[in-house]
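> below are the sequence and a predicted model; questions follow.
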Amino acid sequence: MTPEHRWRIVLARDRRYDGAFVYAVRSTGIYCRPSCASRRPRRGQVTFFPIPEAAEREGFRACRRCRPADAASGDPAVALVREACRALEASDAPDVGTLARRLGQRPHGLLRAFKRVLGITPRQYRDARRVARFKHELKRRPHVSPAVYEAGYGSSSRVYERADAQLGMTPATYARGGVGTEIAFAVVPCSLGRLLVAATPRGVCRISLGDDAAALEADLAAEFPAARIRKDRSTLEDAVTAILGYLDGSEPHLALPLDIRATAFQRRVWQELQRIPYGETRSYADIARRIGHPTASRAVARACATNPAALVIPCHRVVREDGDLGGYRWGLDRKKALIAHEAGTGKD
């Protein structure tokens with residue numbers, strides 16, 4: 001099913017598809033089953049996941065009204081992957097071989113099911129959940145060491161080796177909600193609505209597009225409530241000017257320094273996106289092949305959906321193999337306009 005097919009199912013509240021997928025709403029942080037009777041969100045706020053565990057891996061919470069995690073799937077592979085995900089949630093999660101034997105499967109069969117349903121391996125899922133637990137523990141504990149072991153890491157050295165890619169800062173700084181981190185931001189009108197640009201002293205940390213300035217500012221503040229965030233257009237003048245120049249056609253190439261958090265997989269995807277020539281598009285499968293993971297097109301799509309720096313990391317240049325636009329974090333209308341703009345048909 002394409003994202004637009006799933007969206008039509010959500011609009012119809014079609015119960016036949018409960019268990020086939022869930023949809024998550026970024027503005028509320030909640031995910032639901034397709035038939036949920038809650039108020040319909042705007043399409044630009046919605047993203048889809050094959051199973052509830054995938055939505056929870058991205059930080060979404062289950063709807064208390066429709067209880068999407070209770071919906072059964074008719075696909076045996078989905079049921080298998082969901083059971084495996086529950087086992088991998090534990091801090092002492094087993095390795096793939098042990099888990100496969102516990103579930104009565106061969107390791108290769110479990111791996112194949114994971115890649116078909118989630119687009120990632122069991123190990124990648126386990127590692128992502130471990131990072132999520134680590135972040136949670138850091139925010140509720142005064143010291144780093146207990147968080148390391150509660151999250152399931154055997155030692156702190158491995159955490160610090162990967163801290164910059166996983167957290168964007170040291171674990172101690174992240175634990176304090178980003179305390180000591182300085183972030184300047186500006187929100188300006190643009191041809192696509194409102195543009196937010198934010199940066200630390202190391203580089204641009206967020207570029208967002210939306211309709212409401214207050215919502216963009218709230219999203220920026222949500223991750224690091226203790227960071228020193230200030231509105232400062234003058235500090236960001238060069239970056240803002242370059243991005244507005246791109247949008248009006250006078251600056252086709254954006255090369256801004258970035259300070260963004262990413263897993264190793266996300267970083268590889270985002271770097272590949274930056275290699276797509278201006279005015280061209282690639283499919284999710286193309287990107288997966290280029291980074292050496294030919295079966296990971298779904299994981300590529302999720303990396304695009306979590307891109308924190310619109311335009312500089314041009315995730316709008318990635319479409320489905322059949323030509324469908326796919327999804328876009330900041331709304332499909334904006335994605336369509338950007339592709340047309342770069343192709344030369346969106347200019348005045």
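Structure received. Predicted, not measured: the structure shown is a model, and the values here were computed from it.
> so what pLDDT did A239 get?
According to the prediction, A239 has pLDDT 91.
> ok, the spatially most central residue of the chain - contacts?
The residue lying closest to the centre of the chain (CA atoms, centre = their mean) is T306, at 2.4 Å. By CB atoms under 8 Å, 6 or more residues apart in numbering, T306 lies in contact with E58, Q266, R329. In short, each C-beta sits where N, CA and C put it, glycine included.
> all strands for this protein, in order.
In the chain, the strands defined using DSSP state E lie at 22-25, 30-32, 46-49, 61-62, 182-190, 193-200, 203-210, 228-231, 282-283, 318-319.
> same for the fifth one, what does it pack against?
When contacts are defined as 3 or more CB pairs under 8 Å, 6 or more residues apart in numbering; DSSP states H and E, strand 182-190 sits against strand 193-200, strand 203-210, helix 213-222, strand 228-231, helix 237-247.
> can you say which of these is nearest to A310?
Nearest of the helices and strands packed on strand 182-190 to A310, taken as CB to CB: strand 203-210 at 4.6 Å.
> what's next to the closest one, contact-wise?
168, 183, 185, 190, 192-199, 216, 219-220, 239, 243, 256-260, 308-312, 330-331, 334.
> run through who's touching stretch 237-246.
By CB under 8 Å, 6+ apart, stretch 237-246 touches 186, 188, 190, 195, 197, 199, 204, 207, 233, 251-254, 256, 311-312.
> that one: which residues count as buried?
Neighbour-count burial for stretch 237-246, counted by 16 or more other CB atoms under 10 Å, picks out A239, V240, A242, I243, L244, Y246.
> go on, stretch 259-266?
D259, I260, R261, A262, T263, F265, Q266.
> what separates V78 from G19, distance-wise?
Noted for V78: a distance of 8 Å to G19, by CB to CB, to the nearest Å.
> now L111
Distance of L111 to G19, given as CB to CB: 23 Å.
> of these two, which one has the most company?
More crowded of L111 and G19, by other CB atoms under 10 Å: G19, with 21 against 16.
> before we move on, the earlier item: I'd like to know which of the helices and strands packed on strand 182-190 is closest to W7.
Per CB to CB, nearest to W7 of the helices and strands packed on strand 182-190: strand 203-210, 19.1 Å.
> tell me the angle the closest one makes with strand 193-200.
Going by axes from the mean of the first three to the mean of the last three CA atoms, to 10 degrees, strand 203-210 is angled at 160 degrees with respect to strand 193-200.
> keeping just the C-alphas, turn stretch 103-111 into CSV.
Extracted as CSV, the C-alpha positions of stretch 103-111 are listed here (Å, rounded to 0.1, in the frame of the first residue of the first chain):
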residue,chain,number,x,y,z
LEU,A,103,10.6,-18.3,18.7
GLY,A,104,11.0,-21.6,16.9
GLN,A,105,12.6,-20.0,13.9
ARG,A,106,15.9,-20.1,11.9
PRO,A,107,18.0,-17.0,12.3
HIS,A,108,17.8,-16.3,8.6
GLY,A,109,14.0,-16.6,8.6
LEU,A,110,13.7,-14.1,11.5
LEU,A,111,16.1,-11.7,9.8
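> so how far is G323 from the nearest residue to P257 once chain neighbours are set aside?
Nearest non-adjacent residue to P257, counting by CB to CB, 6 or more residues apart in numbering: G203, 3.5 Å away. Noted for G203: a distance of 34 Å to G323, by CB to CB.
> which of these two has more residues huddled nearby?
G203 (14 against 9).
> for S73, give me the pLDDT.
pLDDT, read off for S73, is 77.
> got the contact list for the residue nearest to it when sequence neighbours are not counted?
Excluding the flanking residues, the one nearest S73 by CB to CB, 6+ apart is G19, at 4.0 Å. Neighbouring residues of G19 by CB under 8 Å, 6+ apart: R33, A71, A72, S73, G74, V78.
> same check on Q266?
For Q266, counting by CB under 8 Å, 6+ apart, the contacting residues are A303, T306.
> quick one, which of the contacts of strand 203-210 are buried?
Among the contacts of strand 203-210, those buried by neighbour count (16+ other CB under 10 Å) are 168, 183, 185, 192-199, 216, 219-220, 239, 243, 256, 258-260, 308-312, 330-331, 334.
> count of residues packed around R61?
Using other CB under 10 Å, R61 has 12 other residues around it.
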